[in-house]
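Q: Got a sequence here, can you build the structure:
(2 chains)
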There are 2 protein chains.
Amino acid sequence: MEKINLKDKLAKFSEHWTPKIIAEMNDYQFKLVKIKGEFVWHNHSDTDEVFIVIEGSMKIEFKDEIVELNEGEMYVVPKGVEHKPFAEDECKVLLVEPRGIVNTGDAEGELTAANDVWI
Amino acid sequence: MEKINLKDKLAKFSEHWTPKIIAEMNDYQFKLVKIKGEFVWHNHSDTDEVFIVIEGSMKIEFKDEIVELNEGEMYVVPKGVEHKPFAEDECKVLLVEPRGIVNTGDAEGELTAANDVWI
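A: Predicted coordinates:
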């Protein structure tokens, strides 16, 4: 087992909205993702999902509010809750969720990314 | 659901080796802990455990190696593996592990902390 340096891992890719797995803990995964612009409305019907902002700022739009997250802030999106991530400028995020989760949840489409790419 | 600011939460306590819960995702918990000095050798027989260094530096001693973790680095201690955390100067760490885990694992003693304290 090697230690994992978040900045080193982030330097390994540049594309947006494509989560990369960096670690597994039991049946959960830690993924890094760079986001910019608007994602799609979606939900994950079976699981909560954690966002931790490593660098930059992002927003998560819900049906009844918008949450702004800055560096060093985290948020737990409850399972089944519709949400739409957004970042005006590029934002680097650590996601924590069960193995096998698809980024677009129930809303498969052109932003759906492979869910098994390690870096 | 409120967003969670790690630095704000860290400002709420000063004692060492007493993990504080800040969030739950399904049946997993995110805990902040401040560590300084030497912990006890222990293992968690049923689960992996994730360390993410938020500020400072720490070491995790294993039977066959010592891993040094600096700010922005993480490590997954596999279940059942004996380890001993150590920090020369105070280090602030985010732990991720299943709900109910006791900090000293199989090695209950004077460093065993309550495992249900939220901040």
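
Q: contacts and neighbour counts: CA atoms only from here.
A: OK.

Q: Which of the helices or strands spans residue A:8?
A: Element membership of residue A:8 [criterion: DSSP states H and E] is helix A:6-10.

Q: For that helix, buried residues please.
A: Within helix A:6-10, the residues that count as buried by 16 or more other C-alpha atoms under 10 Å in any protein chain shown are A:6, A:10.

Q: List of residues touching it?
A: A:22, A:32, A:92, A:119, B:72, B:73, B:74 (C-alpha atoms under 8 Å, 6 or more residues apart in numbering or on different chains).

Q: Likewise for stretch A:26-40?
A: A:9-10, A:14-24, A:84-99, A:104, A:107, A:111, B:47-48.

Q: Would you mind measuring from the nearest residue to residue A:61 once chain neighbours are set aside to residue B:3?
A: In this structure, residue A:61 finds its nearest non-sequential neighbour in residue A:84, 5.0 Å apart by C-alpha to C-alpha, 6 or more residues apart in numbering or on different chains. Separation of residue A:84 from residue B:3 (C-alpha to C-alpha, to the nearest Å): 16 Å.

Q: burial of residue A:101, as a residue count?
A: When neighbours are defined as other C-alpha atoms under 10 Å in any protein chain shown, residue A:101 has 17 of them.

Q: my guess is it contacts residue A:115, does it?
A: Yes. Here residue A:101 reaches residue A:115: they are 6.6 Å apart, a contact under C-alpha atoms under 8 Å.

Q: Following element in sequence after the one helix or strand residue A:35 maps to, please.
A: Using DSSP H and E, residue A:35 sits within strand A:28-38. Next in sequence after strand A:28-38, counting helices and strands by DSSP H and E, comes strand A:49-55.

Q: Summarise which helices and strands that following strand is packed against.
A: Applying 3 or more C-alpha pairs under 8 Å, 6 or more residues apart in numbering or on different chains; DSSP states H and E, we find strand A:49-55 packed against strand A:66-70, strand A:73-77, strand A:84-98.

Q: what's near enough to touch the residue nearest in space to the middle of chain A?
A: Ranked by distance to the mean C-alpha position of chain A (C-alpha atoms, centre = their mean), the top residue is residue A:95 at 4.4 Å. By C-alpha under 8 Å, 6+ apart, residue A:95 lies in contact with A:29, A:30, A:31, A:32, A:33, A:49, A:50, A:51, A:52.

Q: For the residues you listed, pick the one with the most neighbours.
A: residue A:32 (28 neighbours).

Q: and the closest residue to that one other than its chain neighbours, bridged to which residues?
A: Distances taken as C-alpha to C-alpha, 6+ apart place residue A:94 nearest to residue A:32, at 4.7 Å, with adjacent residues excluded. Residue A:94 forms beta bridges with residue A:32, residue A:52, as assigned by DSSP bridges.
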